[in-house]
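Trainee: I need the structure of the sequence given here:
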Amino acid sequence: MTRYSVEPDAATPTSKSRGSHLRVHFKHCREITHHINGMPVAKAQKFLDDVLAFKSVVPFVKFTGGVGRKAQAKQFKVPGSKGRWPVKATAVVKDLLTNAVANAETKGLDVEALYISHAQCNRAPAGRRRTYRAHGRIGKYASQPAHIEFILAEKKDSVEGADDDEEGEGAQGMKITKKMAAKRRFVKVGGGTD
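Mentor: Numbers count the residues shown, from 1 in each chain. Below you'll find the predicted structure:
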């Protein structure tokens, strides 16, 4: 069994999927996984389909050197509106996500309630080739593959808030200062006379 960088809590049902030494650009995969991490699965799949159809752009946040500005990147509030449509990397990430969803179905998880709780991309060892340069020299010609992993989990139901008519501290209740809270904690000691 392969090791994941994060081991989820055994109590929460999860599904996993990972790919090693994938021949896609690491930097592209990093930006895609960084963007879809935390998304509901249905929304992430729609986003990846839109990228493949050039309807949505992958915002580039970390590896921005030489990446051009795109009007579509403005909707993600990306610094400098930088983004790209990395088709090959998007297709690979989409296949891994589909595999994780299939694993969730096999485990009996509710596919509608799934979200991406962990998405990570690591640099894999470079594939080394050679290219021929001027004056009889030889230069390196390396690919930059990636390891990608996903962990999907079910969204937990949110906790219900207190009713409006109830008194107490919090958003609806009376605001208590630090001084008042300290006075409430104070226990009178001693039997002094009044």
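Trainee: from memory residue 103 sits against residue 18, does it?
Mentor: No: at 10.7 Å, residue 103 does not count as touching residue 18 under the criterion of Cβ atoms under 8 Å. Bear in mind the C-beta positions are built from the backbone N, C-alpha and C, glycine included.
Trainee: which one's the longest helix in the chain?
Mentor: In the chain, with assignment by DSSP state H, the single longest helix is helix 87-107.
Trainee: C-terminal to that helix, what's the next element?
Mentor: For helix 87-107, the following helix or strand on the C-terminal side (DSSP states H and E) is strand 114-123.
Trainee: chain center to that following strand: distance?
Mentor: Chain-centre distance of strand 114-123: 5 Å, with Cα atoms, centre = their mean, to the nearest Å.
Trainee: what's the next secondary structure element after that strand?
Mentor: strand 127-132.
Trainee: Run through the bridge partners of the closest residue to residue 103 other than its chain neighbours.
Mentor: Spatially, and ignoring its direct neighbours in sequence, residue 103 is nearest to residue 15 (4.1 Å; Cβ to Cβ, 6 or more residues apart in numbering). In this entry, residue 15 is beta-bridged to residue 152, by DSSP bridges.
Trainee: count of neighbours near residue 15?
Mentor: Residue 15 has 23 neighbouring residues, counting by other Cβ atoms under 10 Å.
Trainee: swap in residue 3?
Mentor: When neighbours are counted by other Cβ under 10 Å, residue 3 registers 7.
Trainee: Make sure it is indeed in a helix.
Mentor: No: judged by DSSP: H, G, I helix; E, B strand; the rest coil, residue 3 forms no part of a helix; its state is coil.
Trainee: Render the CA-only coordinates of stretch 4-14 in PDB, please.
Mentor: Provided in PDB are the C-alpha atoms of stretch 4-14 (Å, rounded to 0.1, in the frame of the first residue of the first chain):
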ATOM      1  CA  TYR A   4       0.100   9.500   1.500                       C
ATOM      2  CA  SER A   5       1.500  12.700   2.900                       C
ATOM      3  CA  VAL A   6      -1.600  13.000   5.100                       C
ATOM      4  CA  GLU A   7      -3.300  10.200   6.900                       C
ATOM      5  CA  PRO A   8      -7.000  11.100   7.500                       C
ATOM      6  CA  ASP A   9      -8.800  10.300  10.700                       C
ATOM      7  CA  ALA A  10     -10.000   6.700  10.700                       C
ATOM      8  CA  ALA A  11     -13.400   7.700  12.000                       C
ATOM      9  CA  THR A  12     -14.200   9.800   8.900                       C
ATOM     10  CA  PRO A  13     -14.900   7.800   5.700                       C
ATOM     11  CA  THR A  14     -12.600   8.900   2.900                       C
END
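Trainee: chain center to that stretch: distance?
Mentor: For stretch 4-14, the distance to the chain centre is 15 Å (Cα atoms, centre = their mean).
Trainee: Over to stretch 3-10?
Mentor: Relative to the centre of its chain, stretch 3-10 is centred 15 Å away, using Cα atoms, centre = their mean.
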